[in-house]
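Student: Provide a 3D model corresponding to the input given below.
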Amino acid sequence: MLFQIVYVSSTRGLLSRAELQDLLHHSNASNARLGITGMLLYKDGNVMQVLEGEEKSVRTLFAKISLDPRHSGVLTLLEGPLPARNFSGWSMGFRDLQSPEARAIPGYSEFLNTPLTETLSPSQSQKLLSFFKAAR
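Tutor: Numbering: from 1, shown residues only. A predicted model of the protein is given here:
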């Protein structure tokens, strides 16, 4: 059965484009090996990520991410069974929300500029991820 986790976190310091590209490169290779697909959104030190795949693999990767000292304030927004992959074929989709291209997308969301303590419903997080998936 497929499983997903959607979470937000803050990085300990801002990541440069080179650091983001390095993260994407390593995540692509690792996630492909693990059979995990998903998408990562990054803006000004804030991260939103969806991980999907076999439950054990997703939970193991999420536990590793949660313990990574580069993250703080890891908050799970949504987790549970998934009828089908939303990001099939993406070992890791990525969008840098700092880019002018992202800001120019109709309906651009400032969600990642809001404090992580605000309540976000599962449907809101799914809508946000679906929006960025479609805009890719």
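
Student: can we go C-alpha only for contacts and neighbour counts from here?
Tutor: Noted.

Student: H26 - how many residues pack around it?
Tutor: Number of residues near H26 (other C-alpha atoms under 10 Å) recorded here: 12.

Student: again but with F62, I slipped
Tutor: 19.

Student: Now it: which helix or strand?
Tutor: For F62, the enclosing helix or strand under DSSP states H and E is helix 55-67.

Student: do L77 as well
Tutor: Going by DSSP H and E, L77 is in strand 71-82.

Student: Flag every buried residue along that strand.
Tutor: Buried residues in strand 71-82, counting neighbours by 16 or more other C-alpha atoms under 10 Å, are found at H71, V74, L77, L78, E79, L82.

Student: Which other helices and strands does that strand contact?
Tutor: Where contact means 3 or more C-alpha pairs under 8 Å, 6 or more residues apart in numbering; DSSP states H and E, strand 71-82 is packed against strand 2-11, helix 122-135.

Student: The ones you listed: lowest mean pLDDT?
Tutor: Ranked on mean pLDDT, the bottom entry among the helices and strands packed on strand 71-82 is helix 122-135, at a mean of 59.
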